[in-house]
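A.B. asks: Below are the sequence and a predicted model for it; my questions follow.
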Amino acid sequence: MHEQPLTDQDRFPLLTPASQRRLHGMWEHPHAPRFNHRCGDRLTADGLKKVRAFEAEHLKHANQTWRDADTPAWAIEYARHALANTPFYRQRGGRAEDFLAIPASTRGDLARAPWAFVPDDASLDDLIVYDTSGTTGHPIFVPTHPVASSMYLPLLRGVLARHGVGLDGGDRVSIVLVCAQNLTYTFASVSAYLEGAGYIKLNLSPHAWRNPEDCVRYLNDCAPEIYTGDPLSFLELAKLPLTHRPQALVSTSMALLPGLRAELSRRFECPVIDIYSMTECRLIAASTPATSEPAGLELVAHDLFVEILDAEGNRLPAGQRGEITLTGGRNPLLSLLRYRTGDFAALDFSGPRPVLVGLEGRPPTRFLTPDGRIVNNIDVSLALRELPLAQFRLHQSQDGSLILSCRDVEHHRDALARPMAQLFGEHAPLEFEEFDPDADGKVIQYTSDILDAELEGRERSYQHVVWRGAKLP
């Protein structure tokens, strides 16, 4: 039996004539990219009410927090429900009242059995499944819900407000998510929460467009309120001769270094906001005017409890570095109870809200091919994502040679060689090494001895000037 394809009404249950015109205008613009996907918020009237109620609850409790060594009462109640109703936690056991003794869970647990993290009392009628490779290169499937996805927007609106930026929505394009990858989903959508405003995900790579000048014309005409993306895509965005100035850039997925942040702020004449987010729970923490350095990100969500654990699962006191561990969130199809993220930081309680200090997340890395092309680390993850790798690491030396390491490397060598040759070229100098399973600390998956400035200088000049001509001031 074949499923019927989704219609616009399925993807956009609250589509109005005005938002439908806006949607088709983004699709049919004479300079639009080659969109390769259809995606909507799937938000019903009841779902929108729940998002609005969440926003009111967030505003009510935004300033309520916990102090060092506390476990909020609501987190204990959340644990009680998870232990009784979620198969994974019920099997592991524990008592909500003895919160610190509850065994921590990991991304590996979720990867092995995502269905076991779905509560028994959750409805699967509106199930959405996201897949993500995170920081480890190990793909996981994350069950979620349209309401949970749209609840990201009130949190983002609150973060923007801290920087004096509005997210007004309405009769405009509000958000453009920019990527700079060989391959990614691209689409145009509208948001019921933002009163039908446009949301676009697009790829800045030249092959995603019909003509070299289309990207600049399309973005200038869209004139989004904000851009979202990662540091690598913002590097490419900054090289385009755009005349429109957004109200903010929101950077996620990878570490945003202070120098790039300052240059981007000067280039676009707006705040550049660093956020820490995960597919499993979305927005966790964000930079504020008071925490302007990327190392200090203030916790955002009122319904997410954050602990810092050591390797044995013990909670660490304020100021001590360990693994960021989450309880709670608003996804009805994914229980997170003492869920280890694989990211590391310390908690600082000296301000009005807890702050993650020294976050060690996903540093951006670019690699150089023998013919002078630049390869984004996201493209490497995509190229290798279908392989059964628990973990891998790629390093490029100053001379351009590559070292790819993983566990049981001899078993995977041939399977690894093919996508790497497609990505870097048949003559790329590539060596394979066995991954050290006893290495201490978090693996930095992508590293390079070639600095970004050298990459730019060594890149071949055959790429079109519209993509490489505009340097940051």
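C.D. replies: Cool, got the structure. Residues are numbered from 1 along each chain as shown.
A.B. asks: Show me where the stretch 101-250 of the chain has its strands.
C.D. replies: Here the stretch 101-250 of the chain has its strands, by DSSP state E, counting those that start in this stretch, at 128-132, 140-144, 173-179, 187-191, 197-203, 226-229, 248-251.
A.B. asks: Dump those strands to CSV, plus mean neighbour count, distance to residue 37 and mean pLDDT.
C.D. replies: Any C-beta I mention is one placed from the backbone N, CA and C, and that applies to glycine too. Output for these, formatted as CSV (neighbours: other CB atoms under 10 Å; distance: least, CB to CB, whole Å; pLDDT from 0 to 100):
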stretch, mean neighbour count, distance to residue 37, mean pLDDT
strand 128-132, 12, 13, 81
strand 140-144, 19, 17, 90
strand 173-179, 23, 12, 97
strand 187-191, 23, 4, 97
strand 197-203, 24, 8, 97
strand 226-229, 24, 17, 97
strand 248-251, 25, 21, 96
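A.B. asks: Those strands: which one's closest to residue 150?
C.D. replies: Minimum separation from residue 150 across those (CB to CB) falls at strand 187-191, 7.2 Å.
A.B. asks: and residue 8, which of the strands of the stretch 101-250 of the chain is closest to it?
C.D. replies: Distance to residue 8, taken as CB to CB, is lowest for strand 187-191 among those, at 10.0 Å.
A.B. asks: what residues does that closest one touch?
C.D. replies: Residues from elsewhere that reach strand 187-191 (CB atoms under 8 Å, 6 or more residues apart in numbering): 11-12, 15, 19, 22-23, 26-27, 32, 35-41, 43, 150, 153, 169, 174, 196-201.
A.B. asks: between that strand and strand 173-179, how many degrees?
C.D. replies: 150 degrees (axes from the mean of the first three to the mean of the last three CA atoms, to 10 degrees).
A.B. asks: partners of strand 187-191, with directions?
C.D. replies: If you go by DSSP bridges, strand 187-191 pairs up with strand 197-203 (antiparallel).
A.B. asks: could I get the strands of the stretch 101-250 of the chain as CSV with distance to residue 416?
C.D. replies: Listed next are these as CSV, based on distance: least, CB to CB, whole Å:
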stretch, distance to residue 416
strand 128-132, 20
strand 140-144, 20
strand 173-179, 24
strand 187-191, 31
strand 197-203, 25
strand 226-229, 29
strand 248-251, 30
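A.B. asks: Would you mind saying which of those lies nearest residue 240?
C.D. replies: For the strands of the stretch 101-250 of the chain, proximity to residue 240 was assessed by CB to CB; strand 173-179 is nearest, at 9.8 Å.
A.B. asks: and the closest one, which strands flank it?
C.D. replies: strand 197-203 (parallel), strand 226-229 (parallel).
A.B. asks: quick one: the helices in the stretch 301-450 of the chain?
C.D. replies: Taking DSSP state H, counting those that start in this stretch as the test, the helices found in the stretch 301-450 of the chain are 377-384, 409-424.
A.B. asks: can I get the CA coordinates of the longest one in CSV?
C.D. replies: Looking back up the chat, that one is helix 409-424. C-alpha atoms of helix 409-424 as CSV (Å, rounded to 0.1, in the frame of the first residue of the first chain):
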residue,chain,number,x,y,z
VAL,A,409,39.6,0.8,10.2
GLU,A,410,40.8,-2.2,8.1
HIS,A,411,37.2,-3.5,8.0
HIS,A,412,35.9,-0.1,6.8
ARG,A,413,38.9,0.9,4.6
ASP,A,414,37.3,0.2,1.1
ALA,A,415,33.9,1.6,2.1
LEU,A,416,35.6,4.8,3.4
ALA,A,417,37.9,5.2,0.4
ARG,A,418,35.0,5.6,-2.2
PRO,A,419,33.1,8.6,-0.7
MET,A,420,36.4,10.3,0.3
ALA,A,421,37.7,10.0,-3.3
GLN,A,422,34.4,11.4,-4.6
LEU,A,423,34.6,14.3,-2.2
PHE,A,424,38.4,15.1,-2.4
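A.B. asks: any idea of the angle it forms with helix 377-384?
C.D. replies: Going by the same axes, to 10 degrees, helix 409-424 makes 120 degrees with helix 377-384.
A.B. asks: list the helices and strands helix 409-424 packs on?
C.D. replies: If you count contacts as 3 or more CB pairs under 8 Å, 6 or more residues apart in numbering; DSSP states H and E, helix 409-424 packs onto helix 377-384, strand 402-406, strand 430-434.
A.B. asks: Tabulate those (JSON lines), appending distance to residue 280, mean pLDDT and mean neighbour count.
C.D. replies: Output for these, formatted as JSON lines (distance: least, CB to CB, whole Å; pLDDT from 0 to 100; neighbours: other CB atoms under 10 Å):
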{"stretch": "helix 377-384", "distance to residue 280": "17", "mean pLDDT": "82", "mean neighbour count": "22"}
{"stretch": "strand 402-406", "distance to residue 280": "24", "mean pLDDT": "93", "mean neighbour count": "19"}
{"stretch": "strand 430-434", "distance to residue 280": "30", "mean pLDDT": "93", "mean neighbour count": "13"}
